[in-house]
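> Give me a 3D structure for the following:
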Amino acid sequence: MRIILIEDEKRLAHIIKKGLEEAGYSVDVSHDGEEGLYMAENFPADAIILDIMLPEMDGLSILGNIRKKGIKTPVILLTAKDTIADKIKGLDAGADDYLTKPFEFGELLARIRSLLRRKTDVKEAVIRVADMEIDTASHEVKRGGKFIPISAKEYAVLEYLAYNKNTVITRTDLTEHIYDESFDTQSNVVDVYINFLRNKIDRGFKKKLIHTVRGSGYILKDKEEQRHDFRQDIQDKTG
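Prediction:
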């Protein structure tokens, strides 16, 4: 999943970015409001972490601008202000959540996971696809009750497919959501990670979960395709 972090305290931004990347997220960072607004309006993202007090343009102004343009990316506001009035003002401006500094990093991760679940049909911390379980808190993956070790980037690809299970995801969409803006979009690294995952997730199992849709991308399926039985139609018509 890809996150935009708009925070002018460079040390704090570095700590948050590092922690998010260790948790498997791709992170684009801005340290001022004007650049942050540009990123929020033009970079694809699954969530935005937005400080309120920023140079050039404050966080609430950024939030107001993107909401007026119809951008629905979930936003977590970060601020040192902790009064009820401040929280109400931020939420009324269009924020999805509010975190007061200082905060525990684990709480930030939990709030991000909660926001990501709201965007999908997945409402629990454990995503289930057929007999596979993906724990979005611990990043543990099991299939048929057996633990499957995967790398951080493999997990990022699998989690994004799982949040969008039974939906075709293009290579471009996958690339944009698991890598930051500096990544070479012409690279075939996504296909490489898909092959790694197939070897770990599907090998040895009769039911395959990861499928290639030729010319489109990939799909993680836990449902069998419904096939029309033309022979039954003929029998019905002929008696």
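> beta partners of Leu77?
Beta-bridge pairing for Leu77 (DSSP bridges): Leu50, Tyr98.
> Can you report how many residues lie near it?
With neighbours defined by other Cβ atoms under 10 Å, the count for Leu77 comes to 26. Quick note: C-beta positions are derived from backbone N, CA and C, even for glycine.
> quick one: the strands in the chain?
Taking DSSP state E to define them, one finds strands in the chain at 2-6, 26-30, 47-51, 75-79, 97-100, 126-129, 132-135, 141-143, 146-147, 169-170, 210-213, 217-220.
> Contacts for the first one, please.
Contacts of strand 2-6 with the rest of the structure, by Cβ atoms under 8 Å, 6 or more residues apart in numbering, involve 13, 16-17, 20, 25-31, 33, 36, 39-40, 43-51, 54, 59, 62, 73, 112, 176-180.
> If you compare the directions of that strand and strand 47-51, what angle comes out?
Between strand 2-6 and strand 47-51, the angle comes out at 10 degrees (axes from the mean of the first three to the mean of the last three Cα atoms, to 10 degrees).
> got any ranges where this protein has weak pLDDT?
120-123, 180-187, 223-239 (pLDDT under 70).
> How is it divided into domains?
The record's domain parsing of the chain by automatic domain parsing lists 2-118, 126-220.
> Check the separation of the first and last residues in the last one.
Put plainly, it is domain 126-220. Taking Cα to Cα, to the nearest Å, domain 126-220 runs 16 Å from one end to the other.
> now swap in stretch 136-156 and tell me
Between the start and the finish of stretch 136-156 there is a gap of 10 Å, counting by Cα to Cα.
> If you count neighbours, what's buried in that stretch?
Neighbour-count burial for stretch 136-156, with 16 or more other Cβ atoms under 10 Å as criterion, is recorded at 136, 141, 143, 148, 150, 153-156.
> what's the spacing between that stretch and its chain's center?
Using Cα atoms, centre = their mean, to the nearest Å, the mean C-alpha position of stretch 136-156 is found 16 Å from that of the whole chain.
> Specify the beta-bridge partners of the closest residue to Gly36 other than its chain neighbours.
The shortest distance from Gly36 to any non-neighbouring residue, by Cβ to Cβ, 6 or more residues apart in numbering, is to Ile6 (3.5 Å). Each beta-bridge partner of Ile6 is listed here: Ser30, Leu50, as defined by DSSP bridges.
> dump the residue contacts of Ala13.
Under the criterion of Cβ under 8 Å, 6+ apart, the contact list for Ala13 reads 5, 7, 29, 31.
> Any figure for the gap between it and Asp86?
Applying Cβ to Cβ, to the nearest Å, one obtains 21 Å for the distance of Ala13 from Asp86.
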